[in-house]
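Visitor: My questions are about this predicted structure, shown below with the sequence.
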Amino acid sequence: MNLSLVKDFLDSNHQPPFRFRQIVKNYYSGRYSTFSQMTDLSLSLRSQLDEKFSLLSVFPDKILVDHNTQKAALVLKDGLKIETVLMDYGDWLTACVSSQVGCPLGCAFCATGKMGFKRNLTTEEIVDQILFWKNVLFPFRQGGKRPEAEGGLKRIVFMGMGEPFLNWENLLSALDIIKQDLKIGARKISISTAGIADKIIEFADLSTEINLAVSLHSAIQSTRQSLMPIAKKYPLDQLKLSLKYYTTRTRRQVFFEYALIKDINDTEIEINELIKFIQSNRLFYLNLISLNPIKDGLTPSINLKNVENQLNRRHIEYSVRQSFGQKIASACGQLIQ
């Protein structure tokens, strides 16, 4: 919802200031999908607001459900679509949100890159993905059917469609709202970047406690460049320098995402270079990912155990990240519209 337009409307209709505060509180609660549901407003005001404004800037087209994952295709006001994912970890719920319609980076393993880049999402469209899920969950919380969802979403990850650091201003505005108005702490928010080095430095200077993840996928420049064309603009040496600045400035870990791809980045040479890269900074941490299949995509590796053995022999700390929603094409790299 464009709050400034709502405020202008209320002021022009001589509504008292507390009405705007009521609406803002209701909006960010995630309990309402229309103004007509806000029974603390007069019936006539609700009717006027519903006629003039949409409470949310995103509208569900379809929702697919796996046993621990839901994926929603959301329609924007201009008719474009994005996807967002809700993941149930048992003790908490995580929303994976998009930052762009499509993506300009064209990574070889990612379905989103194959659809090209349409536009950046607005701050409102980023935040409304989270409010959409809160709205979906509210009836369950009311009925007591999902005790783990009580209190709303606990974690947000910017790992959906698009490169968050290429939508910088709207990302920062959305983060402020998520922290201040949605009351989700910085340490419960993660942002994944393909390695936009100059923005990593700016992100470090924000002195935030938001988690930073980097899509690495190879520690050899030629391989990484073939998988991720953005590596031509931001080669590994430059990326590494920006991350050294980040860890020195923040004293926080960087999480590296590494999807294992058959005969490309799962060879002994590739893993040895990966180990050297991770060992170069005590705050570098590795997340291994099984490559999620996409149409006309690359082939997932079958060498996970061999890779783990190499990492264990060299005493590398790592995790094998759980894949959510592969059956409904909602796992990493599978989002597309």
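Guide: Cool, got the structure. Residues are numbered from 1 along each chain as shown.
Visitor: Going by neighbour count, list what's buried in the helix or strand harbouring Tyr285.
Guide: In the assignment (DSSP states H and E), Tyr285 maps to strand 284-290. For strand 284-290, a neighbour-count test (16 or more other CB atoms under 10 Å) marks 284-290 as buried. To be clear about C-beta, it is placed using only N, CA and C from the backbone, and glycine gets the same treatment.
Visitor: ok, so of the residues you listed, who is nearest His217?
Guide: Distance to His217 across the buried residues of strand 284-290 (CB to CB) is lowest for Ile289, with 9.0 Å.
Visitor: what helix or strand is the nearest residue to the closest one once chain neighbours are set aside on?
Guide: Excluding its sequence neighbours, the residue lying closest to Ile289 (CB to CB, 6 or more residues apart in numbering) is Ala259, at 4.4 Å. For Ala259, the element it lies in under DSSP H and E is strand 254-260.
Visitor: quick one: Leu298 and Phe109 touch, right?
Guide: Yes - shown here, Leu298 and Phe109 form a contact pair, counting by CB atoms under 8 Å, at 5.3 Å.
Visitor: more crowded one of those two?
Guide: Phe109 (23 against 19; other CB atoms under 10 Å).
Visitor: mind listing what that one touches?
Guide: 217, 227, 259, 261, 291, 294, 297-298, 333 (CB atoms under 8 Å, 6 or more residues apart in numbering).
Visitor: and Glu163, how many residues sit next to it?
Guide: 26.
Visitor: neighbours of the spatially closest residue to Asn13 that is not a sequence neighbour, just the number please.
Guide: In this structure, Asn13 finds its nearest non-sequential neighbour in Gln48, 7.6 Å apart by CB to CB, 6+ apart. Residues lying near Gln48 (other CB under 10 Å) number 17.
Visitor: partners of the strand or helix carrying Thr84, with directions?
Guide: In the assignment (DSSP H and E), Thr84 maps to strand 81-88. Partner strands and pairing direction for strand 81-88 (DSSP bridges) are strand 69-76 (antiparallel), strand 93-96 (antiparallel).
Visitor: Can you show me the helices along the stretch 1-150 of the chain?
Guide: Assigned by DSSP state H, counting those that start in this stretch, the helices in the stretch 1-150 of the chain fall at 3-12, 17-29, 43-52, 111-114, 123-143.
Visitor: Out of these, flag the one nearest Arg313.
Guide: helix 111-114 (34.3 Å).
Visitor: Show which residues not belonging to the closest one make contact with it.
Guide: By CB under 8 Å, 6+ apart, helix 111-114 touches 102-103, 105-107, 161-162, 294-297, 329, 333-336.
Visitor: Which members of those are the farthest-apart pair?
Guide: Greatest spacing in the contacts of helix 111-114, by CB to CB: Gly162 and Asp296 (20.7 Å).
Visitor: between those two, who's got more neighbours?
Guide: Gly162 (29 against 6).
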